Each structure stands twice: as C-alpha cells, then as structure tokens.
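S.K.: Task: produce atomic coordinates for the following.
(2 chains)
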Amino acid sequence: MSDHTATVESHFWRQISRTFVNWSLFRQIMSFVLFLVLWSIIVVAVDYFQQIPTPKAVFMALFELPFSVVFINMLKSFIRVLAGFFLGILLGFPIGVAIGYSKVAKSLIFPAFEMVRPIPPIAWIPATVLFFVHIESQIIFLTFYGAFFPVVYNTMGGISEVDIRLPRAAMSFGLNKRQMLWKVILPAAMPQIFTGMKLAMGITWILVVAAEMMANKGGMGYYVWYNHTVMDYPHVVLGMGIIGLCGAICSIGIAWIGNYFTRWQRIF
Amino acid sequence: MSNANEEALDFVWQPPTIKSKIFSQTTILGAISILLVFVSWGLLVHFEVYRFVLFPSPAEVLEEGIAWVSTHVFWMDAGATTLRVLGGVLAAYIIAIPLGLMIGWKKIFSDLTFPTLELLRPIPAPAYLPLAILLLPWQEASVAFIPFIDAFFPVLLNTIVGVKMIDRDYFRAARCLGSSPKQIFWHVVLPGALPSISSGCAIGMGIGWMGAVVGEMITGKWGLGYRIWEAYILIQYPLIVNGMIAIGILGFGSSVLIRYLTVRLIPWRRAITDSLEESITK
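M.R.: Numbering: from 1, shown residues only, chains lettered A, B, ... in the order given. Model (predicted):
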C-alpha cells in the first residue's frame, strides 16, 4: 500500500533509494537482526529468563563445540532418518499407486489404513519395543511408519486427481496400461507425490528427535537432551540449530530431486 | 463392455437405494479390509509368530479396554491430554492466524518476520522441549508447548498461502470502491483466506496430538502418552494397545470437530464442496 499523500519531493527521494537499495532484501536481513536483538533484550531484561542463553553465549559456544561428537551424532540421525524414509517410499509408493489406480485395491486397503492412521506415530514407541529387539531397528521402524502414510496418501491423492482428459487422450493414442502408468499418470501425479515426500521428511525428523531423546543411543536428539541434563543450555540451542539445519538440508534435497522430476513446472 | 454400460447409464442416473449402498463392492471390500486386520492380528498372536508371543490378542485388548475405560484414571488421563492439546493448539491458532494474515497481506511485515520464521521452522518440536522446560514456569505449560510448536507452522503456512491465493482483483475492486485497509482486512483478506485456514487448523490439530504424546512421554506425570509409557515399563501390554487406540480416537475426533466447526464458518465453501461431492458420487 503506497502512501497517496506523498509530496513530490519525497516521491523523488523514494525513487532514488529504490534504484540503489533493495529495501526488501534489507528488511529481510533486518528480520534476523531484529530477532537476535529481541532475544538478547528479553534474556537480559526479564529476570525469570536468566538461564536462557543469549545469542552471544550461543555464538561463543560454537567455538567449543566438540565437532567429532556432533558429527557422529549427526551421522547417526541422518542414517536413521534416511533409512526410515526410503523404506517408507519403497513400501508406500507402490501401495499408493495401487490404491490410486485400482478401485478394488482402494476399497480393500484404504479402510484398514484409515483405521490405523489416526494413531500418532509417537504412540507406537512402546509397541515397537515389543516387535524389534535392537533400538536401532525400533527407531528406524518409527521413522518408516512416520514416512509411510504421507507418502501413501499423497501418491494416492496425486493419482486420483490426474486430469481425466490426459488418460483419455493417451487411450485414444493407443497406449497400453503399462505405458499409461509410466508415461501419463505417474508424471502427472509427480508434484503431489513430492509434496508427500516433503511432509514425510518433516515427520521423520520429528520422530527421530523424539525417539533419540528417549533411547539414549546417540543422535542429535540425544545430544540436545544430554546437554539439557547437564544444564549446558548454549549447546542445547546449538543442537537445535544443527537439527534444524539437517532438516532443512533434507527438505532442500527433496525439492531439488522433485524439481528434476517435475521439470515442466516449477512448484518447489 | 461393463464400462460402456455404466457410462450409458449415467444419463439415466437414479439415487442409490439403501440396499444397493450396503451391498456395493466398496462397502463389502471395506468391511473385509477391516475384518482382515483383526483376524490376521488374532491369528498372528494365536500362532505366536515371531514376537507376537508378547502381544495381547484382540479379545484381551477389548476386555482390558472396557475395564480401563470404566476407571477414574482413564478419564483423568484423557482429560489431561485433551486439555494440553487444546491449550497448545488454540494458542497456536490465536498467534499463527493473525500473524499469517499479516504476512500474506503486507509485504513489509512479511519481510520483517518471515525469514526468521523460516529459520525456526525446520527445528522439530521435540527439540524445543529442553527450552520449554526452561522457559515456562509450570510443567503443564511445557508439555503444552510441544503441540503449540507442532501446530504453529502448518496453521501459519496455510494462512499465508490462503491470503496469497486470493484473487488480486478483489483487492483492487475493494480499493476502487474506497474501502479502508481495515475494511479490506475484514471483508477481503480474512474471508478469502478462511478455507485454507480451516484445513490448516485441522492439520494442526492432528499434529498437535502427536506433540502432546511426545511431551507426556518425556516429562509428563499424567496423560495418555505418559500412561502408555508407564504401561510399557510395567509390562502391561494390553494397556499400551488400548492407550494407542484411545489416542487415535481422540485425535481423530478432535480433527473432525475442528473441520466441522470451521466449515460452519464458511458457508459459501460448503456449497462448493457439497456440489463437488454430489458430482463425484454421481
């Protein structure tokens, strides 16, 4: 909303400043600065929040970060997330395609899924302990379970929302069922399939952190919780930042792969 | 053959009778599907396949479940968890919806806040738990903080997308007719974004349940999440399964409730979805 009462003179100066400075970018950078300043002020000014580390303390803690420990924990979390995620895709993608493609498969499988899905993956933690002996496989099962439903549902949704004119056109060109699936339906459903994968990735990170906090078997979630128990709060905040960074890297990676598979349209 | 017949029949469409609805392929296969889950669960337990030896059978779960629901403890737990979820998620609605509307509407506001929020978004909610314990004075609040964070970002992003999807012409028309920014906000921005906000709220509620269960498992003294964790430690396996079922039902119920309430707020959307559903079922 521009100011309609602007005088000619101020209009001139605004024109000049707009040519030489990218104000939007400047404001976006100011957003971070503002955040850090507000954070510092709140911590310093409010007595109750004394224990919360200031941005400066977090920054100083960066220099005494035990890099080898963090790296190993990061690697552990990454392996758990990616293992569960790929298992989820490996199983969820074909099932999603089957449900989306065939009405019989949908009415046979879908009600059972609808019954199980409302149970949040986290609530499966005690039950997974029953089925899997090793903590590693328990965590991987959880991440798998978290990734499974978003992949299935979005694959299904993507396929059932394909514009009906596309398969009809393909049919009149004489494509057989297999070509129809690979050349028409899957490419058309790709954007939503990748939306599902992005969602799945977010949920696997939530689950991995929660599971690691409880499991005492390393990983970034454990790192954060451990630092909480020894009251080393700057490192808690750093650990959170690192987890966020890992999650961001994963979702950027998916967006990147998704861009390749949906080259004809820029969605991500 | 049958396909062609069906298409031909489309022109003389008749409403399905109750009998044809009950005996349709979808309903029968659906019933088989649900039955299959319970039968295979029962069989796996009965024949003690792999680790199913430890697992309770459906009959056992049902029996224990009925006993559990009639106790005082169940209602305390369910009430505590529901209150935490509602507290956290409603707080997320109250903060995220106005914030999202402003971010979607005003470029300056978006520039000043959105980059920071994008920075915080990838951090999963459980990672906030140590800070929540430190930040908030009482434990109830620190457990409710997890559903708050979980629900916050889906609601925020859906609200922003909702505002951004509004046709620019509505803004132009409103300004042509001389409406003030306040009027534009109440008559264009808010109603235009409501459908998207509604779905964001339902998603937030679903994820909120997950957050509350995590929080309770790690720090709680009460609640369903704590109860199944305790059941696991005390090796009461039927209670674990019943707890999972209770969480599932409550979570699903609250999502449905939110969807119902928000759809009430947008009658014009209901008309659209109704007609869509009609055209699909036809």
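
S.K.: C-alpha only now, for contacts and for neighbours.
M.R.: Noted.

S.K.: how about the residues of the stretch 151-268 of chain A near chain B?
M.R.: Residues of the stretch 151-268 of chain A lying close to chain B by C-alpha under 8 Å from any C-alpha of the partner chain are A:202, A:205-206, A:209-210, A:213-214, A:221, A:224-225, A:228, A:236, A:240-241, A:243-245, A:247-248.

S.K.: among these, which are in strands?
M.R.: Among these, no residue falls in strands (DSSP state E).

S.K.: And those residues, which of them are buried?
M.R.: The neighbour-count test (16 or more other C-alpha atoms under 10 Å in any protein chain shown) marks A:202, A:205-206, A:209-210, A:213, A:221, A:224-225, A:228, A:236, A:240-241, A:243-245, A:247-248 as buried among these.

S.K.: From A:I95, how far off is the spatially most central residue of chain B?
M.R.: Taking C-alpha atoms, centre = their mean, the centroid of chain B lies closest to B:G206, which sits 2.4 Å from it. Distance from B:G206 to A:I95, counting by C-alpha to C-alpha, to the nearest Å: 23 Å.

S.K.: Equivalent analysis for A:P111, please.
M.R.: In this view, A:P111 and A:I95 are 13 Å apart by C-alpha to C-alpha.

S.K.: And for B:W75?
M.R.: Separation of B:W75 from A:I95 (C-alpha to C-alpha): 38 Å.

S.K.: ranges for the helices of chain A?
M.R.: A:8-20, A:23-45, A:55-61, A:67-101, A:103-116, A:125-131, A:135-160, A:165-172, A:177-179, A:186-215, A:220-229, A:233-261 (DSSP state H).

S.K.: and the angle from the second one to helix A:8-20?
M.R.: In this structure, helix A:23-45 runs at an angle of 90 degrees to helix A:8-20, with axes from the mean of the first three to the mean of the last three C-alpha atoms, to 10 degrees as the basis.

S.K.: where in chain B is pLDDT low?
M.R.: In the prediction, chain B carries residues with pLDDT under 70 at positions B:1-16, B:268-282.

S.K.: Domain-wise, how is it divided?
M.R.: B:2-53, B:58-281 (automatic domain parsing).

S.K.: out of those domains, which comes closest to A:K103?
M.R.: Closest to A:K103 of the domains of chain B, according to C-alpha to C-alpha: domain B:2-53, at 8.2 Å.

S.K.: ok, now which ones touch the residue nearest to the centre of chain B?
M.R.: A:P118, B:G251, B:F252, B:S254, B:S255 (C-alpha atoms under 8 Å, 6 or more residues apart in numbering or on different chains).

S.K.: How far does stretch B:98-112 stretch from one end to the other?
M.R.: Taking C-alpha to C-alpha, stretch B:98-112 runs 15 Å from one end to the other.

S.K.: From the rest of the structure, what touches that stretch?
M.R.: By C-alpha under 8 Å, 6+ apart, stretch B:98-112 touches A:24-25, A:27-28, A:30-31, B:113-114, B:156-157, B:159-164, B:189-190, B:193.

S.K.: which of these count as buried?
M.R.: Buried members of the contacts of stretch B:98-112, scored by 16+ other C-alpha under 10 Å, are A:27-28, A:30-31, B:113-114, B:156-157, B:159-164, B:189-190, B:193.

S.K.: Just give the number of residues close to residue 38.
M.R.: Assuming you mean chain A. Other residues lying near A:L38 total 12 when counted by other C-alpha atoms under 10 Å in any protein chain shown.

S.K.: Can you look at chain B instead?
M.R.: Residues near B:F38, counting by other C-alpha under 10 Å, number 15.

S.K.: The host helix or strand of it and chain A in contact?
M.R.: Assigned by DSSP states H and E, B:F38 belongs to helix B:25-46. Yes - counting by C-alpha under 8 Å from any C-alpha, chain A has neighbours in helix B:25-46: B:Q25, B:T26, B:T27, B:L29, B:G30, B:A31, B:I32, B:S33, B:I34, B:V37.

S.K.: next one: stretch B:57-70
M.R.: No - shown here: stretch B:57-70 not in contact with chain A (C-alpha under 8 Å from any C-alpha), separated by at least 13.4 Å.

S.K.: Can you tell me what sits against that stretch?
M.R.: Under the contact criterion C-alpha under 8 Å, 6+ apart, stretch B:57-70 has outside partners B:F38, B:W41, B:G42, B:V45, B:H46, B:F74, B:W75, B:P238, B:L239, B:V241, B:N242.

S.K.: What subset of the residues you listed is buried?
M.R.: With burial judged by 16+ other C-alpha under 10 Å, the buried subset of the contacts of stretch B:57-70 is B:W41, B:G42, B:V45, B:F74, B:P238, B:L239, B:V241, B:N242.

S.K.: Could you dump the residues you listed into CSV with distance to B:E60 added?
M.R.: Shown next, in CSV, are the buried ones among the contacts of stretch B:57-70 (distance: C-alpha to C-alpha, whole Å):
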residue, distance to B:E60
B:W41, 12
B:G42, 10
B:V45, 11
B:F74, 18
B:P238, 7
B:L239, 10
B:V241, 10
B:N242, 10
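
S.K.: Looking at those, which one is closest to chain A?
M.R.: Distance to chain A across those (C-alpha to the nearest C-alpha) is lowest for B:V241, with 7.5 Å.

S.K.: Where does the closest one sit, in terms of helix or strand?
M.R.: If you go by DSSP H and E, B:V241 is part of helix B:237-265.

S.K.: relative orientation of that helix and helix A:103-116 in degrees?
M.R.: Relative orientation of helix B:237-265 and helix A:103-116, computed by the same axes, to 10 degrees: 110 degrees.

S.K.: Please see if helix B:237-265 touches chain A.
M.R.: Yes - for helix B:237-265, a contact with chain A is found by C-alpha under 8 Å from any C-alpha, at B:I240, B:V241, B:M244, B:I245, B:I247, B:G248, B:I249, B:G251, B:F252.

S.K.: For that helix, enumerate the helices and strands it packs against.
M.R.: On a contact count with 3 or more C-alpha pairs under 8 Å, 6 or more residues apart in numbering or on different chains; DSSP states H and E, helix B:237-265 meets helix A:125-131, helix B:58-69, helix B:190-219, helix B:224-233, helix B:267-281.

S.K.: Identify, out of these, the most deeply packed stretch.
M.R.: Of the helices and strands packed on helix B:237-265, the one with the most neighbours on average (mean count of other C-alpha atoms under 10 Å in any protein chain shown) is helix B:190-219, at a mean of 25.

S.K.: Need the residues that contact stretch A:225-244.
M.R.: Stretch A:225-244 is contacted from outside by A:51-53, A:57-58, A:61-62, A:65, A:213, A:220, A:223-224, B:119-124, B:127-128, B:130-131, using C-alpha under 8 Å, 6+ apart.

S.K.: and that stretch, what's its mean pLDDT?
M.R.: Average pLDDT, stretch A:225-244: 89.

S.K.: what's the first-to-last distance across that stretch?
M.R.: This stretch, stretch A:225-244, spans 15 Å end to end (C-alpha to C-alpha).
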